[in-house]
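Participant: everything below, folded, please.
(one chain, ligands or ions: 2)
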Amino acid sequence: MTATGTPRRIGLLGGTFDPVHIGHLRGALEVAEIVGLDEVRLVPNYRPPHRETPNSSAQDRLTMVRLAVQELPLLAVDARELERDKPSYTLDTLESLRAELDEDDQVFLIVGWDAFCGLPSWHRWDELLDHCHILVMQRPDADSDAPEALRDLLAARSVSDPLTLTGGGGQIAFVWQAPLGVSATRIRQFLASGRSVRFLVPDAVLAYINAHGLYRASN
Ligand SMILES: Nc1ncnc2c1ncn2[C@@H]1O[C@H](COP(=O)(O)OP(=O)(O)OP(=O)(O)O)[C@@H](O)[C@H]1O
Ligand SMILES: O=C(O)c1ccc[n+]([C@@H]2O[C@H](COP(=O)([O-])O)[C@@H](O)[C@H]2O)c1
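Facilitator: Numbering: from 1, shown residues only. Ligands and ions are numbered 1, 2, ... in the order given. The predicted structure follows:
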């Protein structure tokens, strides 16, 4: 519940954030504005369930996300996944967040198109929509069709206008924000080859990367 007694509308953007970049931040801001969310929480994972554990520590990734959102009132950081010493399953995160909220509060799980396409491999994925709505952010590389395993779900649960999502969860909507063709992989590659990543990450994040020698070829 907000201070005015209306239900809260909370977005969650989970990620490895290795490192956080302008694609994440613009995406989160635009989704918050387009869908009218009270806040979007960036949720760095501790142990990504589906990929190699990154070379950079969870603490470094968390600190960079904190630096990135520090002057952005609509964005916040939720560090709960770093408090669980196990694979960072999104369902666990949703269940633990739900336990803190009022029944009427709304949770919107925000995922990029690439992450959405992998949904059928997520831990107990068929339960995710019991706790939230899903907002899918388009990415410039989103040229593929949805995988077969998602077609029935999309047919049954997707709505064309994210502003029509009501209730505690169960539906899927697409959000068409201005595409930014930036990825953390590309940023790590640039840094490893000594190239600049200025303007791809916030200056405070860049200063942290430089101060700690992250992503250099020897790391
Ligand atoms: N440029 C972008 N535009 C929109 N969504 C993005 C963008 N980059 C990442 N995302 C989304 O943000 C979430 C977290 O992404 P993640 O931390 O894996 O970043 P990434 O750039 O995809 O990283 P990597 O290149 O290491 O896979 C995912 O849902 C992903 O789809
Ligand atoms: O719950 C799962 O099984 C699961 C499987 C794959 C990815 N996720 C989450 O999806 C989010 C995006 O992942 P990534 O690798 O694109 O950063 C991040 O919060 C991951 O923890 C979650």
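Participant: so for the helix or strand harbouring residue 135, mean pLDDT?
Facilitator: Using DSSP states H and E, residue 135 sits within strand 133-137. The average pLDDT within strand 133-137 is 97.
Participant: only C-alpha atoms, please: export that strand in CSV.
Facilitator: Coordinates of each C-alpha in strand 133-137 appear next as CSV, following Å, rounded to 0.1, in the frame of the first residue of the first chain:
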residue,chain,number,x,y,z
HIS,A,133,2.4,-10.0,-14.3
ILE,A,134,5.2,-10.3,-16.8
LEU,A,135,6.3,-7.3,-18.9
VAL,A,136,8.6,-8.2,-21.8
MET,A,137,11.0,-5.5,-23.0
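Participant: following the chain onward from that strand, which element is next?
Facilitator: helix 148-157.
Participant: is ligand 1 within reach of the longest helix anywhere in the chain?
Facilitator: In the chain, with assignment by DSSP state H, the single longest helix is helix 22-35. Yes. Counting by Cβ under 6 Å from any ligand atom, ligand 1 has neighbours in helix 22-35: 23-24, 27. (C-beta placed from N, C-alpha, C; glycine too.)
Participant: will you turn those into JSON lines that also has pLDDT and distance to ligand 2?
Facilitator: As requested, the residues of helix 22-35 next to ligand 1 are exported to JSON lines (pLDDT from 0 to 100; distance: Cβ to the nearest ligand atom, whole Å):
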{"residue": "23", "pLDDT": "95", "distance to ligand 2": "11"}
{"residue": "24", "pLDDT": "97", "distance to ligand 2": "9"}
{"residue": "27", "pLDDT": "96", "distance to ligand 2": "12"}
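Participant: now, which of those sits nearest ligand 1?
Facilitator: residue 23 (2.3 Å; Cβ to the nearest ligand atom).
Participant: so the closest one sits against residue 187, correct?
Facilitator: No. In this structure residue 23 lies outside contact range of residue 187 using Cβ atoms under 8 Å: 9.7 Å.
Participant: so for stretch 115-122, mean pLDDT?
Facilitator: 95.
Participant: buried set for that stretch?
Facilitator: Using 16 or more other Cβ atoms under 10 Å as the test for burial, stretch 115-122 gives 115-117, 119, 122.
Participant: all good on my end, thank you.
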